[in-house]
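J.: the sequence and its predicted three-dimensional model are supplied below.
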Amino acid sequence: MKQNRLGTETRWRRFGDSYFVYRLRRDRLAQLCLALFVLMMASILAAPWIAPSNPYDLAQIDLLDSELPPFWLAGSEPGFPLGTDAQGRDLLSTILYGARVSIAIGLGAVMLQAILGTALGLLAGYRGGVIDTLLMRLADIQLSFSTLMMAIIIGAVVKTAFGGAFYGDYGVVILILVIGLSEWPQYARTVRAKVLVEKHKDYVDAARVLGYSGRRIMLRHILPNTLTPILVISTVQIANAIMAEAALSFLGLGMPETQPSLGSLIKSGFDYLQSGSWWITLLPGLFLVVFVLVVNLLGDWLRDTLNPRLPEGPL
Amino acid sequence: MTQPETLQTLGRAADTPEPLVSVRRLRKRFALHPERLLPWRFDRRQRGWRRERIHAVNGVDLDIQRGDALCVVGESGCGKSTLARLIMGLVTPSDGEVHYDGWRIDHLNARQWQPFRRRMQMIFQNPYASLNPRLTVRQALEEPVRIHHPDWSRDRVEAKVEALMDDVGIDNGWGDRFAHEFSGGQRQRIAIARALSVDPEFVVADEPVSALDVSVQAQVLNLMMDAQASHRLTYLFITHDLAVVEHFATRVAVMYLGTICELADADTLFARPRHPYTRALLAASPRLDDAFPGQLRLSGELSMPLQAPSGCVFRDRCPHANRRCREAAPTPITLDRGHQVACHAVEEGRI
Amino acid sequence: MRANPMALLEVEHLDVRFPLRRGEIRAVRDLSFSLQRGERLGIVGESGAGKSVLAFSLLKLLSRPGRIVAGTVRFEGRELTSLSERQFRRLRGNRLAMIFQDPLTTLNPVLTIGQQMIESLKAHRRLSTRRARIVAIDKLRQVQVSSPERRLEQYPHQLSGGLCQRVVIAIALLLEPDIIIADEPTTALDVTIQAEIITLLKRLCDEHDVGLIVISHDLGVIGQLTQRTLVMYAGRIVEQGPTREIINDAQHPYTQGLINALPQMTLPRQRLHQIPGSMPTLSEVPSGCAFHPRCAYRITPEGLPRRDCIENVPEPVRSGECQVACHWVAELIARGPAEERAT
């Protein structure tokens, strides 16, 4: 018991002493990004409790409130701090709820990419030979199409095959699948490159000499040593996935307007941009841009921190 | 200072003819540029397409008796590490055979190798790369024990690991630390403990002390000799350091460009070296007691063996080379007491 | 201290530190030595003794955040530590040259040998390319490179390791420096090549009257190449004196341990003498004599701990031709020659 407490204490102190915390203390931009990230994530997660209204609840929506401007403009109303959209939904609430959808899709898609890409990359790198060639050529082929194009094709096929209603019901799942399946080569390539480096280190030979099975060497010895790059590209990929979702929604292949994500929100406001209600598009757009920027900056910072040998700034 | 205790040379069964490891006509060729799509290149001089390959090991015959500490010594690029990897099955031979205790073990698949993994182990040169950075010492030592003894209870595995750590002088309290928290010498101790964890009878050590400082090197060599006595080990020890060889070996094989030039008991080899290369090597190695580096000097340097060489591999640097040396490769001749030399000049009595 | 007006290089109380997040690394502490013209000096120590940092700080090549905190480095009586980077650049390569451990990484892989030699010459001397070429060929000949004209057109990767190291030495000699600092010059080479490079370096220093500082962990190399040796441990000199004296009759317990640990000092198949423990990291050097936790003499023959060893840093004392920084040796000397070497 006592020993246990001691163990966690030293673990905490180790964390406090770590390079990670040291870098964070010295980097103002990283601190700002982390603070913004935590603030945005917290308000998104706490949306049901802090949002002024529930945009999914039709009873709370009054069409007469439509296109109200945000609070700093004339004609605003106190119940709607950031104004309302064309259907009379409170924009702040809609953004928070929409961001929930966006981030859920982003995380889900990245998890799918990571699992698929890591497994295939590990296999290709460790086994080599024909498997490697086959998988990597497949990745090359897929990468030679733009991911968005892949997603549009898959999305359009699903939409025509199962109909718009089905698409509306299972929008989240379909988007996760679409974005996840179109971006796995990023992971596969990174993991494979790292595996090729690790494979030639003596500890892998030592494991072979000790008679460990190939699967054991891959999963227990090589995989943990590839986690750092996986973590680093994951941050970038989350931002990418959220952007992809927004783009797909904007093109009409994303979430339905009844259950808007940030992308479909931006799209729904687009028609009113010319008529003066710019906030319906710009405010969710701004939220998206800031969020993606923060995640990207944090990802860059994380990469520099975890690979101190990398030169700072762009290569 | 502690009393230096004598290690008796372990009961070497010189009279039993059956060697523990025996290597026959072993060859290994590597592609020079494996990334190229076409392995052939046009050779202007010979006006033909030629495969570019390195002949790393070129027809090696070697027997290792039980209880021996056979040192393979040679300069970088002579193929000594490849030989070690071939014997351990980390590299598949292009040609030739490896026998272990009567069983042929080259070309086995992973499953067939399994019973031999418990009997043969390996220690690597770089203790910074041979330990998985993500495992603690205890995890690294428990894993092989668990895999090779799936029926053992948890307590028994733990007791075994503690005994191993005691054996190599790593404090039991350090078991939860990661490899990077140890110094080079301590890491090499952990690597030795890992090799000993499956209770092998044969250990291949590939330059195990080359990356270590002198004072730590002494600790590790002592540890390896202690382990040999207590675990009744047979060693194949790869090194470039003749001082270490003289100290550690019971038998020595001198390698040059993928072939063994001279093979003899350690005292014979250091007292009466016969092959010109062995002599040059001995003359060149720095000794504390003379201020002048080797009198017998070699010209030129080890070149990459791109073609299977005709004649003696050492002919270009050998002061005694004649026409026969350029045309025919010497076959090893046995002098007294298992002293083998592959040299025309020795055979003809010229040197 | 030993004010020697003739010394080519004189280092006094040099102190080099690397500040860290917590604490600092004291790589070189209060270190003094001198080098005469034409002398070959060895600095021997295990990894982490601070010997490479010493070499780099002499040439002002310390990587950040390392810096010289105190002490002086005088070259022909001229203070070097206070020179600006620009002034120093004129000295470096010109009067002070360095040879690194790995010849292949020292040479630029995308330039031919000739380009590198001629460029280095023209940077310091007003020479035409044709003249520079002749000088380069001459230097290559001096280091016994065969067909130097052809080598000038070759790239480093086309040469073998030994040949590369000869080229590196030729480049170091190009501007006829007064001091060459060689950091582990033979460690990356095979023994047969090592012997050639040692002979070459010895001959060149004698012919050109160049002061040579050789840094190595290998007592064999130091023994063959140098006349005088400094033994470093944890950033300090523990013993210095003529190389023969140090190898045959070491006084400091660490030097003794280092020499006795060599495999050739014991009979084959016997246990080697070993120094217990391992080198301290330079950020956590023990108090007093840095070697005391590993030293057998921290306990007096009567079985009492020698408090001096734990509390005070030993001052170097004269013992024969050597200077030894050890409380135990100081005691022996104070007790008189009769009892000396009783152990």
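T.: Arrived safely.
J.: tell me, how many residues neighbour residue 235?
T.: Picking chain A for this. 19 (other C-beta atoms under 10 Å in any protein chain shown). To be clear about C-beta, it is placed using only N, CA and C from the backbone, and glycine gets the same treatment.
J.: wait, chain B
T.: For B:Y235, the neighbour count with other C-beta under 10 Å is 25.
J.: measure it to chain A for me?
T.: Distance of B:Y235 to chain A, computed by C-beta to the nearest C-beta, to the nearest Å: 15 Å.
J.: next: B:G349.
T.: Between B:G349 and chain A the computed distance is 44 Å (C-beta to the nearest C-beta).
J.: residues contacting that residue?
T.: Residues in contact with B:G349 (C-beta atoms under 8 Å, 6 or more residues apart in numbering or on different chains): none are found.
J.: quick check: longest helix in chain A by residues?
T.: Longest helix in chain A, counting residues (DSSP state H): helix A:91-127.
J.: that one near chain B anywhere?
T.: No: shown here: helix A:91-127 not in contact with chain B (C-beta under 8 Å from any C-beta of the partner chain), separated by at least 12.5 Å.
J.: immediately after that helix, which helix or strand?
T.: Once helix A:91-127 ends, the next helix or strand along the chain (criterion: DSSP states H and E) is helix A:129-144.
J.: now the helix or strand that that following helix is followed by: average pLDDT?
T.: As assigned by DSSP H and E, the chain's next helix or strand after helix A:129-144 is helix A:147-169. Averaged across helix A:147-169, pLDDT comes to 78.
J.: give me the angle between helix A:147-169 and helix A:91-127.
T.: 120 degrees (axes from the mean of the first three to the mean of the last three C-alpha atoms, to 10 degrees).
J.: show me the strands in the stretch 101-250 of chain C, by range?
T.: C:179-183, C:211-216, C:228-233, C:236-242 (DSSP state E, counting those that start in this stretch).
J.: burial of whatever residue of the stretch 1-150 of chain B ends up closest to chain A, as a residue count?
T.: The nearest approach of the stretch 1-150 of chain B to chain A comes at B:R117, 3.2 Å away (C-beta to the nearest C-beta). Number of residues near B:R117 (other C-beta under 10 Å) recorded here: 21.
J.: C:T199 now?
T.: The tally of other residues near C:T199 (other C-beta under 10 Å) stands at 17.
J.: same check, this time on the one 3 residues further on
T.: Counted by other C-beta under 10 Å, the residues lying close to C:K202 total 18.
J.: same deal with C:R67?
T.: 13.
J.: quick one: contacts for it?
T.: C:V16, C:R17.
J.: picking that back up, quick one, what contacts the residue of the stretch 1-150 of chain B closest to chain A?
T.: Taking C-beta under 8 Å, 6+ apart, we find B:R117 in contact with A:V209, A:L210, A:G211, B:H148, B:V198.
J.: please apply the same query to A:G269.
T.: Contacts for A:G269 (C-beta under 8 Å, 6+ apart) come out as A:D85, A:A86, A:S277, A:W279, A:I280, A:T281, A:L282, A:P284.
J.: just to revisit the earlier point, the longest helix of chain A to helix A:129-144, inter-axis angle?
T.: Helix A:91-127 and helix A:129-144 meet at an angle of 150 degrees, taking the same axes, to 10 degrees as the criterion.
J.: now helix A:91-127: how far from the chain's centre is it?
T.: Its chain's average C-alpha position is 5 Å from that of helix A:91-127, according to C-alpha atoms, centre = their mean, to the nearest Å.
J.: which strands or helices does that helix pack on?
T.: Using 3 or more C-beta pairs under 8 Å, 6 or more residues apart in numbering or on different chains; DSSP states H and E as the contact test, the elements touching helix A:91-127 are helix A:28-45, helix A:47-50, helix A:129-144, helix A:171-199, helix A:227-250, helix A:262-270, helix A:279-306.
J.: thinking again about what came up before, by neighbour count, which of the contacts of B:R117 wins?
T.: Within the contacts of B:R117, neighbour counts (other C-beta under 10 Å) peak at A:V209, which reaches 27 neighbours.
J.: excluding chain neighbours, what is closest to that one?
T.: Distances taken as C-beta to C-beta, 6 or more residues apart in numbering or on different chains put B:M122 closest to A:V209, at 4.6 Å, once the chain neighbours are dropped.
J.: now for that neighbour: which residues touch it?
T.: For B:M122, the contacting residues are A:D205, A:A206, A:V209, B:A84, B:M88, B:L90, B:A195, B:V203, B:V204, B:A205, B:D206, by C-beta under 8 Å, 6+ apart.
J.: how confident is the prediction for the residue in chain A that chain B sits nearest to, by pLDDT?
T.: Nearest residue of chain A to chain B (C-beta to the nearest C-beta) works out as A:G211 at 3.2 Å. pLDDT, A:G211: 92.
J.: so it, which of the three states?
T.: State at A:G211, reduced to three classes by DSSP: H, G, I helix; E, B strand; the rest coil: coil.
J.: wait, doesn't it sit right on B:W113?
T.: Yes: using C-beta atoms under 8 Å, A:G211 makes contact with B:W113 at a distance of 6.9 Å.
J.: per-residue confidence at the residue sitting nearest the centre point of chain C?
T.: The residue lying closest to the centre of chain C (C-alpha atoms, centre = their mean) is C:I215, at 2.8 Å. Note for C:I215: predicted pLDDT of 94.
J.: cool, and C:T199?
T.: Model confidence at C:T199, given as pLDDT, is 89.
J.: any idea how far it is from A:I217?
T.: Distance, C:T199 to A:I217, using C-beta to C-beta, to the nearest Å: 48 Å.
J.: poorly predicted segments of the chain, please.
T.: Unless you meant another one, I'm taking chain A. Residue ranges of chain A with pLDDT under 70: A:1-17, A:307-315.
J.: let's do chain B instead
T.: Counting by pLDDT under 70, chain B shows low-confidence ranges at B:1-17, B:34-39, B:289-309.
J.: residue boundaries of the helices in it?
T.: Ranges of helices within chain B are B:80-87, B:110-117, B:137-148, B:154-168, B:184-196, B:214-231, B:242-248, B:266-271, B:276-284, B:323-327, B:344-348, based on DSSP H.
J.: how about the nearest residue to the residue of chain C found nearest chain A, chain neighbours excluded?
T.: Closest to chain A within chain C is C:R21: 5.6 Å, counting by C-beta to the nearest C-beta. Nearest residue to C:R21, sequence neighbours excluded (C-beta to C-beta, 6+ apart): A:Y22, at 5.6 Å.
J.: how about that neighbour, secondary structure?
T.: Of the three states, A:Y22 takes helix under three-state DSSP.
J.: quick check, it in contact with C:R22.
T.: No: judged on C-beta under 8 Å, A:Y22 makes no contact with C:R22 at a distance of 9.4 Å.
J.: more neighbours: these two, which one.
T.: Set side by side, A:Y22 and C:R22 show more neighbours around A:Y22, with 14 against 8, by other C-beta under 10 Å.
J.: check the burial of the residue lying closest to B:V98 once chain neighbours are set aside by counting its neighbours.
T.: Nearest non-adjacent residue to B:V98, counting by C-beta to C-beta, 6+ apart: B:D106, 4.5 Å away. By other C-beta under 10 Å, the residues close to B:D106 number 19.
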